[in-house]
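Visitor: generate a structure from the sequence data that follows.
(chains A, B, C and D)
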Protein chains: 2
Amino acid sequence: MAYPPSGSGDGANRDPEHADRLADAVPTRKRPHRSQTRRQVLDAAFTVFSEHGIAASSLNEVAVAAGLTKGAVYSNFASKDDLVLALMEEHAAARTDAALAGFASADDSRHGLVDLAAALVHAMRADAAWHRLLAEYFAMSSHDPRRREGLRRRRREVRDAVARAVARVADGLDTELPFTPAEMATVMLALSNGLAVEADIDPDAVPEDLLGRVLLLIAGDADTGARTRSPSAEDHRRGTPQPDS
Amino acid sequence: MAYPPSGSGDGANRDPEHADRLADAVPTRKRPHRSQTRRQVLDAAFTVFSEHGIAASSLNEVAVAAGLTKGAVYSNFASKDDLVLALMEEHAAARTDAALAGFASADDSRHGLVDLAAALVHAMRADAAWHRLLAEYFAMSSHDPRRREGLRRRRREVRDAVARAVARVADGLDTELPFTPAEMATVMLALSNGLAVEADIDPDAVPEDLLGRVLLLIAGDADTGARTRSPSAEDHRRGTPQPDS
DNA sequence: AAAACTCGATACCGTGCGGTATCGGATACT
DNA sequence: AGTATCCGATACCGCACGGTATCGAGTTTT
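Guide: Down below sits the predicted model:
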């Protein structure tokens, strides 16, 4: 509550993203642009939060990790909550887009569900850090009506997007799915998330291809002769692959 | 680190759970027994933690909710971590036992999987508060190797128990399951958990019987003529049922 | 060039936490 | 009954956090 000390809230930002690229003579801006600082903070926040968890991380840690100070953080974000929110929104959007784009291209191919599953699997395994963050955010949102509502809306969007995708794929299938697209989307998200959590706790318990196999099975393994459970004979490594961060 | 002020650590507890039930003349013990106080604290902790989350709750809140003070809590638990751990262990054990017992009785009946699904569904819907807690605990354990290892071991036990149960049920089936019991157990846990999370965020997105239907489908709906989705025709309410707390 | 403004660094504050020392009344031992 | 012991209440400590005020270097405007 109570808006940030000053600026930042009142639109009308000029965003002077020009007028310094015209000469090197102007000796390389000493002060970085606002958006750059914001990025640094956001990236650092992701790193730090991924490492120790959101609750256990202080804004100071984030600032230091960004090569800045707390003052800089507070100059760009109204509060810790604000920072966390921004981070989640950004990543969530990116994630969703990536996942959906990844299988939208499979629009034509008949085995769209396989691709969709693969996309989800990939997103899940590659982004262990993100999943951890998401899980914590879910947990902390459970208790705060404000956050909860926001999360609900966002989750709904994602679910609907997945549902639409499912519906599109299902159209191209001969057999009918045993669930409505909405239900299917819910199951897919739940399963993806749930398996990510299990894998996070005990990587050995979650074979790489488990999600894919379950989804195929649910889909009625209509199109597939591929009951074969080992698509790539060499993709055997388990253990959370330490994505990046 | 550094053990609690005194006592409590050195085994050899007499556990004087007797010798006061012999006369009412002894006018109703003024001071409750250790174990009773412990129970009060544990119960209060569950309530408080469920309400605001573990991280956001202070030991003082817990103590007050228990009708005690912080001193009492620290007299019974070495630290906040210790309290949380005790709470989780206890509830986890109880949950597992209940769930497994609930379907172990279905050992003879041929439609064991239906019962198992039902048991999981019930556990999931009835214990929304517990699921929330578990989710938060998962999240906070991700970042702490110590807790993480403990959780891994415990999770493995649960998984194995479910796997054994699945194997037993699968034996009685004519068709074969498309997964190993271990995989099946993982999927069941992940799905149960995942759906609980989704339901927690947006109850409307998760129909009451969704988990059951998915499990039946995965099981190859072999044994079932019982596709009938309404075991109790009146159990229709959705929306997190506000279990208790 | 000089005024006006932006933004991040520094220093600081209040708060509420986890945890500790201690004390006193109730209980168990003999 | 007298005494040793237990256990929870009270009071307190140190600390690190989120957040704020302010100042000055850097940047834009006129």
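Visitor: would you map the helices across chain A?
Guide: For chain A, applying DSSP state H gives helices covering A:34-52, A:59-65, A:70-76, A:80-104, A:112-126, A:128-142, A:145-171, A:181-201, A:210-218.
Visitor: out of the ones you listed, nearest to B:Ala93?
Guide: Nearest to B:Ala93, of all these, is helix A:181-201, at 17.2 Å by CB to CB. Heads up, the C-betas are built off the backbone N, CA and C, glycines and all.
Visitor: about what we covered before: just put the helices of chain A in TSV and tack on mean neighbour count and mean pLDDT.
Guide: What follows is those, written out as TSV (neighbours: other CB atoms under 10 Å in any protein chain shown; pLDDT from 0 to 100):
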stretch	mean neighbour count	mean pLDDT
helix A:34-52	18	94
helix A:59-65	18	96
helix A:70-76	17	96
helix A:80-104	16	85
helix A:112-126	21	69
helix A:128-142	22	93
helix A:145-171	17	90
helix A:181-201	23	94
helix A:210-218	22	86
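Visitor: nearest to B:Asp171, out of these?
Guide: Closest to B:Asp171 of those is helix A:210-218 (CB to CB; 20.4 Å).
Visitor: hmm, back to that, among the helices of chain A, which comes closest to B:Thr186?
Guide: helix A:181-201 (5.8 Å).
Visitor: for the closest one, name the packing helices and strands.
Guide: Using 3 or more CB pairs under 8 Å, 6 or more residues apart in numbering or on different chains; DSSP states H and E, the elements in contact with helix A:181-201 are helix A:112-126, helix A:128-142, helix A:145-171, helix A:210-218, helix B:128-142, helix B:145-171, helix B:181-201, helix B:210-218.
Visitor: okay, those helices in JSON lines with distance to DNA strand C next?
Guide: Below are these laid out as JSON lines (distance: least, CB to the nearest atom of the strand, whole Å):
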{"stretch": "helix A:112-126", "distance to DNA strand C": "31"}
{"stretch": "helix A:128-142", "distance to DNA strand C": "15"}
{"stretch": "helix A:145-171", "distance to DNA strand C": "19"}
{"stretch": "helix A:210-218", "distance to DNA strand C": "37"}
{"stretch": "helix B:128-142", "distance to DNA strand C": "13"}
{"stretch": "helix B:145-171", "distance to DNA strand C": "13"}
{"stretch": "helix B:181-201", "distance to DNA strand C": "24"}
{"stretch": "helix B:210-218", "distance to DNA strand C": "35"}
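Visitor: now those as JSON lines including distance to B:Ala45?
Guide: Listed next are those as JSON lines, based on distance: least, CB to CB, whole Å:
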{"stretch": "helix A:112-126", "distance to B:Ala45": "33"}
{"stretch": "helix A:128-142", "distance to B:Ala45": "17"}
{"stretch": "helix A:145-171", "distance to B:Ala45": "22"}
{"stretch": "helix A:210-218", "distance to B:Ala45": "35"}
{"stretch": "helix B:128-142", "distance to B:Ala45": "10"}
{"stretch": "helix B:145-171", "distance to B:Ala45": "17"}
{"stretch": "helix B:181-201", "distance to B:Ala45": "20"}
{"stretch": "helix B:210-218", "distance to B:Ala45": "29"}
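Visitor: for DNA strand C, what's its nearest residue on chain A.
Guide: Of the residues in chain A, the one nearest DNA strand C is A:Gly71, at a distance of 2.4 Å by CB to the nearest atom of the strand.
Visitor: contacting residues around that residue?
Guide: A:Ala63 (CB atoms under 8 Å, 6 or more residues apart in numbering or on different chains).
Visitor: now the helices of chain A in CSV, with distance to B:Glu198?
Guide: Compiled in CSV, these are given as follows (distance: least, CB to CB, whole Å):
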stretch, distance to B:Glu198
helix A:34-52, 23
helix A:59-65, 30
helix A:70-76, 33
helix A:80-104, 15
helix A:112-126, 15
helix A:128-142, 9
helix A:145-171, 8
helix A:181-201, 5
helix A:210-218, 16
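Visitor: can I get those helices in a markdown table including distance to DNA strand D?
Guide: Formatted as a markdown table, these follow (distance: least, CB to the nearest atom of the strand, whole Å):
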| stretch | distance to DNA strand D |
| --- | --- |
| helix A:34-52 | 10 |
| helix A:59-65 | 4 |
| helix A:70-76 | 4 |
| helix A:80-104 | 4 |
| helix A:112-126 | 28 |
| helix A:128-142 | 13 |
| helix A:145-171 | 13 |
| helix A:181-201 | 23 |
| helix A:210-218 | 35 |
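Visitor: excluding its backbone neighbours, what's nearest A:Leu87?
Guide: A:Ala45 (5.3 Å; CB to CB, 6 or more residues apart in numbering or on different chains).
Visitor: next: A:Glu183.
Guide: B:Leu210 (6.1 Å).
Visitor: tell me the domain boundaries of chain A?
Guide: A:33-77, A:80-218 (automatic domain parsing).
Visitor: how close does A:Arg155 get to chain B?
Guide: Look at A:Arg155 and chain B: by CB to the nearest CB, to the nearest Å, they are 5 Å apart.
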